[in-house]
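1. Here's my sequence, what's the structure:
(one chain, ligands or ions: 2)
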Amino acid sequence: MATTLQEAYKENPINIQHILPIDFHSIQQVPDSHLWPKINNFQASLDEKNPNVPVIDLLAPNVVELIGHACKTWGVFQVVNHGVCSKLLDEAESQARRLFALPAEQKVRVLRSAGGATGYGAARITPFFSKFMWHEGFTVMGSPLDHARELWPHDYQYFCDVMENYQKKMKALSCQLWLLILKHLEASQEYLNSSELIGALQLNSYPCCPNPNHAIGLAPHTDSLFLTILHQTSNTKGLQILKNGHGWTSISPVSDEALVVNVGDLLHILSNGEFPTVYHRVLVNKTKHRVSLAYFFGPPADSLVVPLISSKDVGVVVPTYRSLTVKEYVSLKAKHLEKAFSFIRF
Ligand SMILES: O=C(O)CCC(=O)C(=O)O
Ligand SMILES: [Fe+2]
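-> Ligands and ions are numbered 1, 2, ... in the order given. Got it, this is the predicted structure:
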């Protein structure tokens with residue numbers, strides 16, 4: 001997938017002005033370019049009234065049922081007892097912090113190119129909004145060696161080791177979750193072989209913001225692939241999902257090692273709309289520099305995503321979306337963001 005996803009990005013280049021983040025280290029005030037109309041910020045009392053996102057113990061005997069129910073009702077859940085040790089989560093976060101702490105002139109050396117997939121830069125959704133986000137990111141697919149060498153000519157190995165190990169562990173967890181989801185959907189295992197799943201790692205940084213009521217870390221969006229596994233700084237709120245009937249709901253980690261898993265667009269299509277794709281955003285705050293690591297995983301770019309209809313429903317339930325390749329969907333999303341669905345809905 002990495003290569004063909006990179007091809008899809010190459011076909012939809014982004015203007016350099018939408019890739020280059022501002023120098024957050026030197027900024028005292030939110031510039032007009034980053035000033036949004038008042039953001040409906042955290043309201044503790046409202047958050048407390050909101051129902052909590054499901055927390056799933058991966059060792060629970062009824063885990064298939066729990067995940068199926070969470071995907072259907074929320075499209076998002078937290079997992080615990082997932083087997084990724086907290087030491088690795090901490091190390092990956094601290095290596096991400098080490099990268100973002102570098103001076104802007106250094107980070108720019110590994111700036112994502114216009115049609116590129118990896119490297120330092122603003123969020124891919126930037127061109128769809130008239131204001132910029134309070135965010136900088138770094139995307140890794142496989143080994144980050146070339147970029148790490150540019151950043152730390154004499155001290156790049158540890159960063160590479162941690163990022164590669166982190167992706168390996170996330171891939172294993174993705175495969176485990178994927179098999180449980182296929183079981184729930186009653187899909188044959190050959191249908192999307194978990195060994196073919198591929199991922200990309202996105203490091204996100206949300207620096208302290210002098211005016212958090214008028215800035216946004218990441219504007220509302222959905223993730224494109226099957227699932228996203230997210231590690232976020234503990235004790236720092238930021239991620240919110242739009243929950244029907246409840247408005248924006250915060251998702252704070254239930255423990256230091258809990259990971260957030262959310263359904264992406266391709267799984268929404270594959271489940272024939274049974275699982276909602278999750279609209280989410282990130283808020284910023286004045287005093288805490290929040291960092292997150294999002295691992296996106298999905299099928300190879302050339303594979304066809306066909307809405308699944310269980311054998312007992314054939315002839316009764318009709319597909320909501322037409323089938324399409326991953327690459328085709330990524331291209332539609334790069335051009336139309338969430339309006340991409342309107343091009344494939346029957
Ligand atoms: O930082 C977060 O909590 C969310 C990140 C995210 O939504 C993304 O990388 O797509
Ligand atoms: Fe996201």
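2. in stretch 240-258, what's buried?
-> 240-241, 243, 248-253, 257-258 (16 or more other CB atoms under 10 Å). C-beta here means a position set from N, CA and C on the backbone, and glycine is covered the same way.
3. Of those, which belong to strands?
-> Among the buried residues of stretch 240-258, the members falling in strands (DSSP state E) are 240-241, 243, 248-250.
4. In these, which has the lowest confidence score?
-> Least confident of these in the model: Lys243, at 88.
5. which parts of the stretch 151-300 of the chain sit against ligand 1?
-> Residues of the stretch 151-300 of the chain found near ligand 1 (CB under 6 Å from any ligand atom) are 202, 204, 218, 223, 230, 232, 238-239, 280, 282, 292, 294.
6. just to revisit the earlier point, adding distance to Asn193, write the buried residues of stretch 240-258 out as JSON lines.
-> Putting those into JSON lines (distance: CB to CB, whole Å) gives the following:
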{"residue": "Gln240", "distance to Asn193": "34"}
{"residue": "Ile241", "distance to Asn193": "30"}
{"residue": "Lys243", "distance to Asn193": "33"}
{"residue": "Trp248", "distance to Asn193": "37"}
{"residue": "Thr249", "distance to Asn193": "35"}
{"residue": "Ser250", "distance to Asn193": "36"}
{"residue": "Ile251", "distance to Asn193": "31"}
{"residue": "Ser252", "distance to Asn193": "35"}
{"residue": "Pro253", "distance to Asn193": "31"}
{"residue": "Glu257", "distance to Asn193": "29"}
{"residue": "Ala258", "distance to Asn193": "28"}
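7. Most widely separated two among those residues?
-> Trp248 and Glu257 (25.2 Å; CB to CB).
8. if I look at the nearest residue to Ser303 once chain neighbours are set aside, how far off is ligand 1?
-> Leaving aside its chain neighbours, Ser303 sits nearest to Val326 (5.9 Å; criterion: CB to CB, 6 or more residues apart in numbering). Per CB to the nearest ligand atom, to the nearest Å, Val326 is found 17 Å from ligand 1.
9. same deal with Lys107?
-> As defined by CB to the nearest ligand atom, Lys107 lies at a distance of 18 Å from ligand 1.
10. was I right about that residue contacting Glu136?
-> Yes - under the criterion of CB atoms under 8 Å, Lys107 makes contact with Glu136 at 7.5 Å.
11. what's the distance between Asn40 and ligand 1?
-> With distances taken as CB to the nearest ligand atom, Asn40 is found 17 Å from ligand 1.
12. Who are the contact partners of that residue?
-> The neighbours of Asn40, taking CB atoms under 8 Å, 6 or more residues apart in numbering as the test, are 247-248.
13. Leaving out chain neighbours, which residue sits closest to the closest residue to ligand 1 within the stretch 101-250 of the chain?
-> Residue of the stretch 101-250 of the chain nearest ligand 1, by CB to the nearest ligand atom: Leu239 (3.5 Å). Nearest residue to Leu239, sequence neighbours excluded (CB to CB, 6+ apart): Ile251, at 4.8 Å.
14. roughly how far apart are the one you found and Met141?
-> Ile251 is 26 Å from Met141, where distance means CB to CB, to the nearest Å.
15. now swap in Arg98 and tell me
-> Going from Arg98 to Met141 by CB to CB gives 20 Å.
16. and if you look at Phe129?
-> Phe129 sits 25 Å away from Met141, going by CB to CB.
17. same deal with Lys327?
-> Distance of Lys327 to Met141, given as CB to CB: 15 Å.
18. Would you mind listing the buried residues in the longest helix along the chain?
-> In terms of residue count, the longest helix belonging to the chain (DSSP state H) is helix 157-185. Residues of helix 157-185 classed as buried by neighbour count (16+ other CB under 10 Å): 159-160, 162-164, 166-167, 169-171, 173-178, 180-182, 184-185.
19. Show me what the helix or strand following it is packed against.
-> Toward the C-terminal end, the helix or strand that comes next after helix 157-185 (DSSP states H and E) is strand 198-206. Counting contacts by 3 or more CB pairs under 8 Å, 6 or more residues apart in numbering; DSSP states H and E, strand 198-206 is packed against helix 2-10, helix 86-100, strand 136-140, helix 157-185, strand 290-298.
20. Show me what secondary structure element comes after the lowest-mean-pLDDT helix or strand in the chain.
-> Ranked by mean pLDDT, DSSP states H and E, the helix or strand of the chain with the weakest confidence is helix 44-49, at a mean of 48. Moving toward the C-terminus from helix 44-49, the next helix or strand (DSSP H and E) is strand 55-57.
21. What are the contacting residues of that next one?
-> For strand 55-57, using CB under 8 Å, 6+ apart, the contacting residues are 63, 66-67, 70, 77-81, 254, 258.
22. Can you list the buried residues in that strand?
-> Buried positions in strand 55-57, judged by neighbour count with 16+ other CB under 10 Å: Ile56.
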